[in-house]
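1. pasting a predicted model and its sequence here:
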Amino acid sequence: MNVYEAATKRRTIRKFLQKPIPMEILMKLLNAARLAPSAGNLQPCEYVLVTDKALLDSVFSTLKWARYIAPEGTPKEGERPVAYVVVLVNTKKASEGGEIDCAAAVENMILTAWEEGIGSCWIASINRDRLREILSIPEYCKICFVVALGYRAEEPVIEEMSGDDVRYWKDEEGILHVPKRRLGDIVFMNCYGNKFIET
């Protein structure tokens, strides 16, 4: 799988096999995150890797899943992630703008995960105060995101978006359908409003 294939085939996963991810693969994902672009090369991103079963349940309790299909989109017992990466900005290293670095790091991580057959869910809806307490995260570290990880137990599909409805849905067979805007609706040639014509 090349980078373009990973970028275009990757889907958000919310149902996971209960199979542990080898530590060498988790370290590969974190190394990909570490080497992402960083403004001014300040490198403020830090990570808490969570694999301990008791902590997995605690972290899970701090997350909100799949706004459009809640509670159906929340992983059930036996389908939950087997690892989490909590993505932080150390504000002693960058007082502002570190969230952009975190986003680049997360994208590197989830594309590398997809190549390894591992699904992910990039989560920003978090009870940050509770998560900080659970994982003993210091106040000078801002909690940006949580990346949920596990081998995929579902295969979401993309749909061409109709109108402006961005809501994803599950069909009667439980398959998640995700609408995406067409390239011709979001790309302009040389000036805004001059629409790109797809061939």
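-> Nice, thanks for sending it over. Numbering: from 1, shown residues only.
2. the helix or strand bottoming out on mean pLDDT in the chain - contacts with which helices or strands?
-> Using mean pLDDT, DSSP states H and E, strand 169-170 stands out as the lowest-scoring helix or strand of the chain, at a mean of 86. When contacts are defined as 3 or more Cβ pairs under 8 Å, 6 or more residues apart in numbering; DSSP states H and E, strand 169-170 sits against strand 176-180. In this view, the C-beta of every residue, glycine as well, is placed from N, C-alpha and C.
3. list the buried residues of the strand it packs on.
-> 176, 178-179 (16 or more other Cβ atoms under 10 Å).
4. ranges for the helices of this structure?
-> Ranges of helices within the chain are 3-9, 23-34, 53-60, 98-115, 128-135, 183-186, based on DSSP state H.
5. closest to residue 81 out of these?
-> helix 53-60 (7.0 Å; Cβ to Cβ).
6. which of the helices of the chain sits most buried?
-> Mean neighbours per residue, mean count of other Cβ atoms under 10 Å, is largest over the helices of the chain for helix 98-115, with a mean of 21.
7. from the chain's centroid, how far away is it?
-> From the chain centre to the centre of helix 98-115 is a distance of 8 Å (Cα atoms, centre = their mean, to the nearest Å).
8. got it, and stretch 134-149?
-> Distance, centroid of stretch 134-149 to centroid of chain: 14 Å (Cα atoms, centre = their mean).
9. how long is it end to end?
-> End-to-end distance of stretch 134-149 (Cα to Cα, to the nearest Å): 19 Å.
10. any buried residues in that stretch, and which?
-> In stretch 134-149, counting by 16+ other Cβ under 10 Å, buried: 134-135, 137, 141-149.
11. now for those residues: which two are most distant?
-> 142 and 149 (21.3 Å).
12. residues near the closest residue to residue 153 other than its chain neighbours, how many?
-> In space, residue 153 comes closest to residue 15 once its chain neighbours are excluded; the distance is 4.2 Å by Cβ to Cβ, 6 or more residues apart in numbering. Residue 15: 21 surrounding residues under other Cβ atoms under 10 Å.
13. residue 15 against residue 155, yeah?
-> No. In this structure, residue 15 is not within contact of residue 155 by Cβ atoms under 8 Å, at 9.6 Å.
14. what score does the residue nearest to the spatial centre of the chain have for pLDDT?
-> What sits nearest the mean C-alpha location of the chain, by Cα atoms, centre = their mean, is residue 122, with 2.0 Å. Model confidence at residue 122, given as pLDDT, is 98.
15. quick one: residue 88 from residue 44, how far?
-> 8 Å (Cβ to Cβ, to the nearest Å).
16. just give the nearest non-adjacent residue to residue 113, would you?
-> residue 120 (5.0 Å).
17. domain parsing for this structure?
-> 3-155, 156-199 (automatic domain parsing).
18. flag the shaky bits of this protein, pLDDT-wise.
-> 199 (pLDDT under 70).
19. scan it for its longest strand.
-> When the chain is parsed with DSSP state E, its longest strand is strand 141-151.
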